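A.B. asks: Okay, sequence plus prediction incoming.
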Amino acid sequence: MPLLHKLFSIILILAVLTPAFVFEQADAQVIKRKLPKAGFQPLMHTGTPGVGYSGSGSAAGQQMVSGSSQGMHLVPGLDRGNRASANDWYDPGEPDLKMQWVRWEPRKMPLKVWISPGLQLPSLPFQELKATRVDTVAQMCFQGTEPNPFAGLSQVTGWTDEMGEAVAAGIEMWKPFEQEGLFSFDFTGNPREANILVFFNDNFQGATEPGGISTGGYTCAQAIPFAKITEALQQGKNPRTPPVVMELSLGVNSTIEKLKAATAHEFGHALGIKAHSPYRDDIMHENRVVEQLSPADKNTIRRLYRSRTQWVL
């Protein structure tokens with residue numbers, strides 16, 4: 001009996017311990033399966049092409065297919081993703097005017113756009129452009145009698161006629177809105193009559209964006225109270241307002257595609273979309289990553305030009 005009792009005790013102990021041991025082994029296997037495999041996981045997902053690159057900051061472009069994007073980004077910005085709606089738009093207001101809206105007067109239509117043959121304005125630190133660029137260019141345009149007031153400017157190294165065509169194509173992305181009666185514009189060979197002038201440079205002096213991305217374009221304009229224009233017109237005067245000045249970096253916009261999209265972004269500013277969109281799938285996002293106008297870009301320009309504004313260009 002003592003031997004049988006010992007055998008029974010051993011079996012009982014094994015019966016108690018074996019399940020715990022088995023469960024421990026099973027848990028170890030489950031934990032092991034949860035461990036990620038060594039290697040790098042994809043960090044960026046690009047959406048489908050087709051919706052809607054940065055302006056003052058494009059203005060420098062990250063390489064990314066247009067469309068809604070998910071995952072980790074190199075620059076800050078919101079994604080609409082599945083929340084995208086056909087009615088999306090963003091506030092185009094001028095930050096320096098507490099987000100009041102600015103647009104061109106109807107009497108200025110059609111706007112005249114002059115694309116310089118790769119001419120570069122005198123270099124200035126980036127921080128000084130906003131305060132001085134429009135006045136400098138306006139003085140050059142309004143004074144003197146020479147046919148080309150910018151004949152003394154130098155041409156950016158590497159300039160080609162194809163670049164000028166790309167700039168024109170970028171501007172013409174906004175052309176369909178003429179059919180909606182919002183605004184109109186034509187190209188001109190006479191810079192003295194232009195409302196919008198386009199110049200170029202290699203890079204903007206001292207301008208960087210998050211991640212060390214150089215600025216690809218910058219647009220300077222002066223907003224004027226519409227009441228002052230109305231008062232002058234009532235007095236029989238025909239006030240001439242300063243032109244809008246667009247500058248594009250050929251160093252940052254190193255391909256025709258980048259240059260075209262950067263131009264579209266800057267021309268959006270020139271038309272009156274002053275603030276940047278917070279959404280990365282819009283061409284008016286500060287660090288543009290798309291190459292076409294998005295539905296929200298289109299809705300925004302419609303809202304702007306179907307509204308009365310207290311400030312005009």
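C.D. replies: Received the coordinates, thanks.
A.B. asks: Count the neighbours of residue 173 for me.
C.D. replies: For residue 173, the tally of surrounding residues (other CB atoms under 10 Å) stands at 20. Heads up, the C-betas are built off the backbone N, CA and C, glycines and all.
A.B. asks: Pull the contacting residues for the residue lying closest to it once chain neighbours are set aside.
C.D. replies: Once flanking residues are discounted, residue 173 sits nearest to residue 264: 4.5 Å by CB to CB, 6 or more residues apart in numbering. Residue 264 is in contact with 53, 170-171, 173-174, 283, 292-293, counting by CB atoms under 8 Å, 6 or more residues apart in numbering.
A.B. asks: For residue 264, give its distance to residue 172.
C.D. replies: To residue 172, residue 264 is 9 Å away according to CB to CB, to the nearest Å.
A.B. asks: what is in contact with these two at once?
C.D. replies: Joint contacts of residue 264 and residue 172 (CB under 8 Å, 6+ apart) do not exist.
A.B. asks: check contacts around the residue lying closest to residue 116 once chain neighbours are set aside.
C.D. replies: Nearest residue to residue 116 in three dimensions, chain neighbours excluded: residue 199, at 5.3 Å (CB to CB, 6+ apart). Taking CB under 8 Å, 6+ apart, we find residue 199 in contact with 116, 119-121, 153, 245-248.
A.B. asks: show me where pLDDT drops low in the stretch 151-300 of the chain?
C.D. replies: Applying pLDDT under 70 to the stretch 151-300 of the chain flags the ranges 208-214.
A.B. asks: try 50 this time
C.D. replies: Applying pLDDT under 50 to the stretch 151-300 of the chain picks out residues 210-213.
A.B. asks: which residues of it fall in helices?
C.D. replies: Using DSSP state H, counting those that start in this stretch, the helices of the stretch 151-300 of the chain run over 161-171, 226-234, 256-271, 295-305.
A.B. asks: And the ones you listed: which comes nearest residue 287?
C.D. replies: helix 256-271 (10.2 Å; CB to CB).
A.B. asks: ok and the closest one relative to helix 295-305, angle-wise?
C.D. replies: 30 degrees (axes from the mean of the first three to the mean of the last three CA atoms, to 10 degrees).
A.B. asks: Send me helix 256-271 as PDB with only the CA atoms.
C.D. replies: Coordinates of each C-alpha in helix 256-271 appear next as PDB, following Å, rounded to 0.1, in the frame of the first residue of the first chain:
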ATOM      1  CA  ILE A 256       8.700  71.200 -65.400                       C
ATOM      2  CA  GLU A 257       6.000  69.400 -63.400                       C
ATOM      3  CA  LYS A 258       7.100  71.100 -60.100                       C
ATOM      4  CA  LEU A 259       7.300  74.500 -61.800                       C
ATOM      5  CA  LYS A 260       3.900  74.200 -63.300                       C
ATOM      6  CA  ALA A 261       2.300  73.200 -60.000                       C
ATOM      7  CA  ALA A 262       4.200  75.800 -57.900                       C
ATOM      8  CA  THR A 263       2.900  78.400 -60.400                       C
ATOM      9  CA  ALA A 264      -0.700  77.300 -59.900                       C
ATOM     10  CA  HIS A 265      -0.200  77.600 -56.100                       C
ATOM     11  CA  GLU A 266       1.300  81.100 -56.400                       C
ATOM     12  CA  PHE A 267      -1.400  82.300 -58.900                       C
ATOM     13  CA  GLY A 268      -4.000  81.200 -56.400                       C
ATOM     14  CA  HIS A 269      -2.400  83.700 -54.000                       C
ATOM     15  CA  ALA A 270      -2.300  86.300 -56.700                       C
ATOM     16  CA  LEU A 271      -6.100  85.800 -57.300                       C
END
